[in-house]
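A.B. asks: After the sequence you'll find the predicted model.
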Amino acid sequence: MSQTRHVPVMLQRCLDLLAPALRDQAHPEPVVVDCTLGLGGHSEALLEAFPTARLIALDRDKEALRLSGERLAPYGDRATLVHAVYDELPDVLARLGVPKVQGVLFDLGVSSMQLDEADRGFAYAQDAPLDMRMDQTTGIGAAEVLNTYPPGELVRILRAYGEEKQAKRIVSAIVREREKEPFSNSARLVELIRDALPQAAKRTGGNPAKRTFQALRIEVNGELSVLERAIPAAVESLAVGGRIAVLSYHSLEDRLVKQVFAAGAANTAPPGLPVVPERYQPRLKLLTRGAELPTEEEVAENRRAAPARLRGAQRIREDER
Ligand SMILES: C[S@@+](CC[C@H](N)C(=O)[O-])C[C@H]1O[C@@H](n2cnc3c(N)ncnc32)[C@H](O)[C@@H]1O
């Protein structure tokens, strides 16, 4: 296994956003949920910053849970780590007998470990089996998506999840190639995309395979549909006064978070979301004006922070303004 160096993104700002709820005298032993444990960077900082808090941390990746389990072992039963998809949060809390929580954090996307472990197939820079499943115990990998999905479906995915303008061109090349031999490794896909794109498209936006890889990863892990359920569920799990902070890394995620928070602030149902709650979702106060960005210094230190967008909200009483 390679040595993964991980620097938690916008850490101090996440702690500051959650702090008032986790230092509230009314809740001397607050509960905070880290829905995306990863390598445990944010989780450990939460345990350190709020010494009376109990942490419940979720990850769908068993390797992440194993590594963080070692890291957080010194905190004993203050930290409960659970293998779960984050839209299962209400069930997890019910099983643990926790009715409401004071804080929730999401740090979306893939972890440094997942990107650095070549054999997980997330990174276009390394040749690896095209898997990309965050939970390797279930579901189908990226190779199966590429080899079996109808062309129209692949175009839809590349456009919707990768915002790839050249989706048709790339998918035509994929379909031609997969008829010769099914895809198994990332290098062949990267090369094919590079060859398929016109010169002008190659000059913008970094590696030409970036958007296709993002789209495949989102499809393989059902990321947006899970998130659509998870953010309202997390808001629902907050006690009055509880706070939520969400770090997202691409516009599709950020748009979704923005919509759910805005609907909570306006006390209306989230627009266009498949999960329209029976009653309007709990009332929210926005804690961030638009999305907050990492500082230039942070990005210089940690290039993975560059696309980060942070939004925060607080659950308030229905009659509060
Ligand atoms: C960016 S990393 C989190 C890094 C972490 N904040 C840290 O400081 O180490 C995101 C983590 O969320 C997990 N994850 C992504 N989608 C998930 C989901 N739907 N349910 C549970 N965990 C998920 C990934 O497996 C990954 O480990």
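C.D. replies: Looks like it arrived, so ask away. Numbering: from 1, shown residues only.
A.B. asks: can you list the domains in the chain?
C.D. replies: Per the record, the chain has its domains at 11-113+223-315, 118-221, by automatic domain parsing.
A.B. asks: JSON lines please, covering those and showing mean neighbour count and mean pLDDT.
C.D. replies: Bear in mind the C-beta positions are built from the backbone N, C-alpha and C, glycine included. Output for the domains of the chain, formatted as JSON lines (neighbours: other C-beta atoms under 10 Å; pLDDT from 0 to 100):
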{"stretch": "domain 11-113+223-315", "mean neighbour count": "19", "mean pLDDT": "92"}
{"stretch": "domain 118-221", "mean neighbour count": "18", "mean pLDDT": "91"}
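A.B. asks: Please produce CSV containing these, extended by distance to the ligand.
C.D. replies: Output for the domains of the chain, formatted as CSV (distance: least, C-beta to the nearest ligand atom, whole Å):
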stretch, distance to the ligand
domain 11-113+223-315, 2
domain 118-221, 4
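A.B. asks: what's the distance between the nearest residue to residue 312 once chain neighbours are set aside and residue 314?
C.D. replies: What sits nearest to residue 312 in space, not counting adjacent residues and going by C-beta to C-beta, 6 or more residues apart in numbering, is residue 287, at 3.6 Å. As judged by C-beta to C-beta, to the nearest Å, residue 287 and residue 314 stand 6 Å apart.
A.B. asks: which residues are in contact with both of those two?
C.D. replies: residue 243 (C-beta atoms under 8 Å, 6 or more residues apart in numbering).
A.B. asks: Packing partners of the helix or strand where residue 55 lies?
C.D. replies: For residue 55, the host element (DSSP states H and E) is strand 54-59. Counting contacts by 3 or more C-beta pairs under 8 Å, 6 or more residues apart in numbering; DSSP states H and E, strand 54-59 packs against strand 31-34, helix 41-49, helix 62-72, strand 79-83, helix 89-96.
A.B. asks: I figured residue 283 hits residue 264, correct?
C.D. replies: Yes. Counting by C-beta atoms under 8 Å, residue 264 is a contact partner of residue 283 at 6.4 Å.
A.B. asks: ok, which stretches of this protein are helices?
C.D. replies: 11-22, 41-49, 62-72, 89-96, 112-116, 142-148, 151-162, 167-180, 186-196, 199-202, 210-220, 223-237, 251-266, 296-301 (DSSP state H).
A.B. asks: Can you add distance to residue 129 and give those helices back as JSON lines?
C.D. replies: Compiled in JSON lines, these are given as follows (distance: least, C-beta to C-beta, whole Å):
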{"stretch": "helix 11-22", "distance to residue 129": "33"}
{"stretch": "helix 41-49", "distance to residue 129": "27"}
{"stretch": "helix 62-72", "distance to residue 129": "16"}
{"stretch": "helix 89-96", "distance to residue 129": "31"}
{"stretch": "helix 112-116", "distance to residue 129": "14"}
{"stretch": "helix 142-148", "distance to residue 129": "7"}
{"stretch": "helix 151-162", "distance to residue 129": "19"}
{"stretch": "helix 167-180", "distance to residue 129": "16"}
{"stretch": "helix 186-196", "distance to residue 129": "8"}
{"stretch": "helix 199-202", "distance to residue 129": "26"}
{"stretch": "helix 210-220", "distance to residue 129": "13"}
{"stretch": "helix 223-237", "distance to residue 129": "20"}
{"stretch": "helix 251-266", "distance to residue 129": "26"}
{"stretch": "helix 296-301", "distance to residue 129": "31"}
